[in-house]
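Colleague: A predicted structure for the sequence below; I have some questions about it.
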Amino acid sequence: MRGGQVVVADRFFASSKTCSVCRHKLDNLPLSARAWTCPACGAIHDRDVNGAVNLKNMAVSSTVSACGEEGETGLDEAGSPLCSCLSRNEQV
Ligand SMILES: [Zn+2]
């Protein structure tokens, strides 16, 4: 792992096995599989890229739920955070 931002992932969250498009989760993804096709929506995923997208989505949705503003899971196409609580808590 390279230095920089660390995202603490839920240990039950299989980021490389979960479709970042429709959230379908594979039962099994061989370690040797570099890419896979989602059986639910047909999206083709590079496992590293898909995993990174899922972690990013999860990080954003965690931020949203942390402020109690329930609802949106994930983020919009632009990847902009949906929550305004970060600016409110900045002085801490
Ligand atoms: Zn899918």
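Modeller: Nice, I can see it. These numbers were taken from a predicted model, which means no experiment stands behind them. Numbers count the residues shown, from 1 in each chain.
Colleague: of all the residues in the protein, which ones are close to the ion?
Modeller: Cys19, Val21, Cys22, His24, Cys38, Ala40, Cys41, Ala43 (CB under 5 Å from the ion). C-beta: built from backbone N, CA, C; applies to glycine.
Colleague: ranking those residues by neighbours, who comes first?
Modeller: Among the residues of the chain next to the ion, the one with the most neighbours (other CB atoms under 10 Å) is Cys19, at 21 neighbours.
Colleague: Going by neighbour count, list what's buried in the lengthiest helix in the chain.
Modeller: In the chain, with assignment by DSSP state H, the single longest helix is helix 47-66. Residues of helix 47-66 classed as buried: 47, 50-51, 53-58, 60-61, 63-64 (neighbour count, 16 or more other CB atoms under 10 Å).
Colleague: Make JSON lines from these and add pLDDT and distance to Asn28 to it.
Modeller: Below are the buried residues of helix 47-66 laid out as JSON lines (pLDDT from 0 to 100; distance: CB to CB, whole Å):
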{"residue": "Arg47", "pLDDT": "94", "distance to Asn28": "13"}
{"residue": "Asn50", "pLDDT": "96", "distance to Asn28": "15"}
{"residue": "Gly51", "pLDDT": "94", "distance to Asn28": "15"}
{"residue": "Val53", "pLDDT": "95", "distance to Asn28": "20"}
{"residue": "Asn54", "pLDDT": "93", "distance to Asn28": "17"}
{"residue": "Leu55", "pLDDT": "91", "distance to Asn28": "20"}
{"residue": "Lys56", "pLDDT": "92", "distance to Asn28": "24"}
{"residue": "Asn57", "pLDDT": "90", "distance to Asn28": "22"}
{"residue": "Met58", "pLDDT": "85", "distance to Asn28": "21"}
{"residue": "Val60", "pLDDT": "83", "distance to Asn28": "28"}
{"residue": "Ser61", "pLDDT": "78", "distance to Asn28": "25"}
{"residue": "Thr63", "pLDDT": "66", "distance to Asn28": "31"}
{"residue": "Val64", "pLDDT": "58", "distance to Asn28": "31"}
